[in-house]
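Undergrad: Build me a structure from this.
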Amino acid sequence: NDLLVIGYRGHQHRPFGLGRSVIPVILGAHCDIVVVRGTDNPAGQRRVVVGVDGSETGMKAVDFAYDYASRHDAALVAVHAWSDLPLDALAAVREWDVDWAELSQAADVILSEALSGHAARYPDVSVHKVVATSKPVEALLDAAEEADLIVVGSHGRGAMKRMLLGSVSQAVLHYAKTPVAVVRA
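TA: As a prediction, this is how the structure comes out:
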């Protein structure tokens, strides 16, 4: 597998946001990418956060995260966020219109399926599952507050869909204070 590693320390006005020179490299790459920030993990914990969405690319991200966690003696935090609705849409949903237990159970199934089989291959990696009802980017950034690495998949939706739908991997790359690995489809 090819891997492109980019060191980025930011600049005065945007210490974490990506600069104009880095974005075309990332968008044009056809391999997995790691963007390494100039910040250290202040807590000294060894943690890897991975976004889990149940897709094939998400499964590749889980594989990457388990491998990294095992090689670096780190714990794994697997995050599944099922809300991609704007906040005003969530406010319009009445409590009795949604079966929250069913949604939570479905999210737990997605997490369990994505993680299944890895425990046998990586018995040294402890895993903590997180089901969040927030947007995926918010959930990942919250979980990665003191992590060594965030791992996300990139579905490669293309420029038009990315512009209309947004991109979790791009937003995480832009706002994360920690290193980010983007695993390609």
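
Undergrad: On the C-terminal side of the helix or strand of the chain with the lowest mean pLDDT, identify the next helix or strand.
TA: Least confident element among the helices and strands of the chain, by mean pLDDT, DSSP states H and E: helix 159-165 (a mean of 45). Counting by DSSP states H and E, the element after helix 159-165 in chain order, helix or strand, is helix 168-175.

Undergrad: Can you name the next helix or strand after that following helix?
TA: Following helix 168-175 in sequence order, the next helix or strand is strand 180-184 (DSSP H and E).

Undergrad: hmm, who's touching that following strand?
TA: 26, 29-35, 57, 60-61, 64-65, 68, 149-154, 156, 169, 172-173 (Cβ atoms under 8 Å, 6 or more residues apart in numbering). For every residue, glycine as well, the C-beta is placed using N, CA and C.

Undergrad: now that strand against helix 168-175, angle please.
TA: Between strand 180-184 and helix 168-175, the angle comes out at 160 degrees (axes from the mean of the first three to the mean of the last three Cα atoms, to 10 degrees).

Undergrad: Please name the residues that touch the closest residue to residue 74 other than its chain neighbours.
TA: Sequence neighbours aside, residue 46 is the residue nearest to residue 74 in space, at 3.6 Å (criterion: Cβ to Cβ, 6 or more residues apart in numbering). Neighbour list for residue 46: 69, 72-75, 148 [criterion: Cβ under 8 Å, 6+ apart].

Undergrad: one step back: can you select the buried ones among the contacts of strand 180-184 for me in PyMOL?
TA: This is the PyMOL syntax for the buried subset of the contacts of strand 180-184, where burial follows 16 or more other Cβ atoms under 10 Å:
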select buried, resi 26+29+32+33+34+35+57+60+61+64+65+68+149+150+151+152+153+154+169+172+173
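
Undergrad: Thanks a lot, catch you later.
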